[in-house]
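pasting the sequence and the predicted coordinates here, then a few questions.
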Amino acid sequence: MSQISEPVTSQTAHRPAPRVQSTIYIALWTFVPFLAISLLGWRYAGMLHTIIPTDLTNWEVLRKMLSSFIQPADHGDSWLPMKHALEVLRGPDQNRLYETLFLGAHIRFQYPPSSLLPLEFLSMIGLSSVRALNAINSFVFLLNTCVVSALGWLLFRDTRQNAPQPTAVAILAALCAFIFYPLVRAQLLGQIQLWIDLLFTLALLCWFLERRILAGLLIGLACTIKPQMGLLLLWAVLWREWRFTLGILVSAMPVLLVSLYRYGLHNHIAYLDVLSFLSRHGESFFANNSVNGILNWYLSPNDSLRWYDDDLTPFNSTVYAGTMMASVLALALICIPPLLRRNRRPGFSDLGIAAICTVAGSPVAWEHHYGVLLPLYLIALHTLFTITNARNRLLAAITLVVSWILVANFIPFAGFLAHTPLAFVQAYCFFGALLLLTFFFITSRTTHNQTVSETP
């Protein structure tokens, strides 16, 4: 008996396949906000120029970044303080690095001494100029784009029926890297943060491939540049991820020992004073998307729309108390889940929670520090398609879309609220990160990471 096929109507004949439809929706929600905010920024550029001291549109930032690939810029947000640090280490004040540079000259060298080792090596081979370092950053940016694309392809290569094709995800992921504002901003500023972004994305790729030691090795290298990521070591110990823990220690400890030998014990101890100073003071500039930044916008005498290059943010006891509470809460969110879920292994969502907390819980979280979130959005998108309940999936999708819009874009109109009771809106990137954090917490409980933590 032959099967009776479903009649094909004009409506069903022209309806896109579920995978194509999903791809279209993802592309629209990814790129339409970028274009809309850019057009509005262009339309009201005259008004915005009076308040915002940076580029006014996503499109303008993208254009400048693409130009930097051809002609490396001379911006040295990371490189200049690091080069100053190397000069101090070669002079009579070599044992008073941070007292001379950070506290004395107010040059914001806020990195650990170990971060200087790769720059010192590049100096030895003649690649220490700002333009040369920015050229290296261009390569790092493009390599990170390739790794993000590969991660997207691997995540979606065996997905469910309604999920987009892996090739489509890989292409969209690569394009997203070029419009993701934290990454683009880091490229324009001349920021070593791009190195951290690449190491973190590679670590996620290795985690997916069940190469936990290698993933830990990459995180350990990132810790030598940004010690806040050392909280992932604590996270790994609490989850009893011993291979990941071993990898972090194997890479971080030798670098630290070499740094102690090269730059002395005192400079490493003094760096702890710098971290303490940052916790007590923070930064009042609007790009500081953290609890400290928000509180300083209300309580500091500084103008949040002005960068005080020659001075540091004054101390305020209320700001300090709020900053410490935020840091303690972030630490709790890292430590409590592994203690409550001892019966399972951590998945991507758990690692994403910890990574977001290392950024959002810091006293100073510049916009470019949120560059590590790009691969986490891929993981969140993959998790979205594992949610079977239609209502829960819709709520999760809305949360993810709003989070992406807030983190991935530069929204200059928030500057209009800088001197009003709504000044907190300037921290839209911070709140977008909190939404992504919420997404991971909810999906971690409902899906238990059954799909994303599988061995491919």
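Here it is on my side, so go on.

alpha carbons only for contacts and neighbour counts from here, please
Noted.

which is the next helix or strand following the lowest-mean-pLDDT helix or strand in the chain?
Least confident helix or strand of the chain, by mean pLDDT, DSSP states H and E, is helix 10-13 with a mean of 47. Sequence-wise, the next helix or strand downstream of helix 10-13 (DSSP states H and E) is helix 18-43.

show me how far whichever helix or strand comes after that next one is from its chain's centre.
The C-terminal neighbour of helix 18-43 among helices and strands, as given by DSSP H and E, is helix 45-48. Centroid separation for helix 45-48 versus its chain: 29 Å, with CA atoms, centre = their mean, to the nearest Å.

what does stretch 401-410 give?
So, by CA atoms, centre = their mean, the centroid of stretch 401-410 is 13 Å from its chain's centroid.

quick one: residues in contact with that stretch.
29-30, 33-34, 37, 57-58, 179-182, 370, 377, 428-436 (CA atoms under 8 Å, 6 or more residues apart in numbering).

so of those, which ones are in helices?
29-30, 33-34, 37, 58, 181-182, 377, 428-436 (DSSP state H).

from the residues you listed, list the buried ones, please.
30, 33-34, 37, 58, 181-182, 377, 428-436 (16 or more other CA atoms under 10 Å).

what helix or strand is Leu175 on?
Going by DSSP H and E, Leu175 is part of helix 166-177.

just the helices in the stretch 201-350 of the chain please.
212-223, 231-239, 242-263, 265-281, 291-299, 317-340, 348-360 (DSSP state H, counting those that start in this stretch).

avg pLDDT for the second one?
The average pLDDT for helix 231-239 rounds to 96.

list the contacts of the closest residue in space to Phe416 that isn't next to it in sequence.
Leaving aside its sequence neighbours, Phe416 sits nearest to Ile51 (CA to CA, 6 or more residues apart in numbering; 7.4 Å). Neighbouring residues of Ile51 by CA under 8 Å, 6+ apart: 305, 415-416.

sticking with Ile51, tell me its helix or strand.
Using DSSP H and E, no helix or strand contains Ile51.

quickly note the distance from it to Ile334.
Remark: distance between Ile51 and Ile334 (CA to CA, to the nearest Å) = 38 Å.

neighbours around the residue nearest to Gln426 when sequence neighbours are not counted, how many?
Leaving aside its chain neighbours, Gln426 sits nearest to Ala414 (5.1 Å; criterion: CA to CA, 6+ apart). Other residues near Ala414 come to 17 when the count uses other CA atoms under 10 Å.

for Ile24, see how far away Ala414 is.
29 Å.

what residue ranges in the chain score low on pLDDT?
Within the chain, the set of residues satisfying pLDDT under 70 comprises 1-16, 56, 159-161, 445-456.

go again with 50.
1-6, 8-13, 449-456 (pLDDT under 50).

what does stretch 57-66 rub up against?
34-35, 37-39, 41-42, 55, 178-179, 181, 184-185, 187-188, 409-412.

pull out the buried positions in that stretch.
Using 16+ other CA under 10 Å as the test for burial, stretch 57-66 gives 57-59, 61-62, 64-66.

repeat that for stretch 118-125.
Buried residues in stretch 118-125 (16+ other CA under 10 Å): 119-120.

CA-only coordinates of that stretch in CSV, if you can.
What follows is stretch 118-125, C-alpha atoms only, in CSV (Å, rounded to 0.1, in the frame of the first residue of the first chain):
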residue,chain,number,x,y,z
PRO,A,118,57.2,37.9,25.7
LEU,A,119,57.7,41.6,25.1
GLU,A,120,61.3,41.3,26.2
PHE,A,121,61.8,38.4,23.8
LEU,A,122,60.3,40.4,21.0
SER,A,123,62.6,43.3,21.8
MET,A,124,65.6,40.9,21.4
ILE,A,125,64.6,40.0,17.9
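
what's the offset of that stretch from the middle of its chain?
The answer for stretch 118-125 is 26 Å, by CA atoms, centre = their mean.

and the contacts of that stretch?
By CA under 8 Å, 6+ apart, the list of residues contacting stretch 118-125 reads 82, 86, 128.

next SSE downstream of the one helix or strand Met82 maps to?
Assessed by DSSP H and E, Met82 sits inside helix 79-89. On the C-terminal side of helix 79-89, the closest following helix or strand by DSSP H and E is helix 97-98.

okay, the angle between the next helix-or-strand element following that following helix and helix 242-263?
The C-terminal neighbour of helix 97-98 among helices and strands, as given by DSSP H and E, is helix 116-124. Going by axes from the mean of the first three to the mean of the last three CA atoms, to 10 degrees, helix 116-124 is angled at 60 degrees with respect to helix 242-263.

what's the angle between helix 116-124 and helix 79-89?
Going by the same axes, to 10 degrees, helix 116-124 makes 90 degrees with helix 79-89.

who are the packing partners of the next helix or strand after helix 116-124?
As assigned by DSSP H and E, the chain's next helix or strand after helix 116-124 is helix 130-156. The contact analysis (3 or more CA pairs under 8 Å, 6 or more residues apart in numbering; DSSP states H and E) places helix 130-156 against helix 58-70, helix 79-89, helix 166-177, helix 181-189, helix 193-208, helix 373-384.
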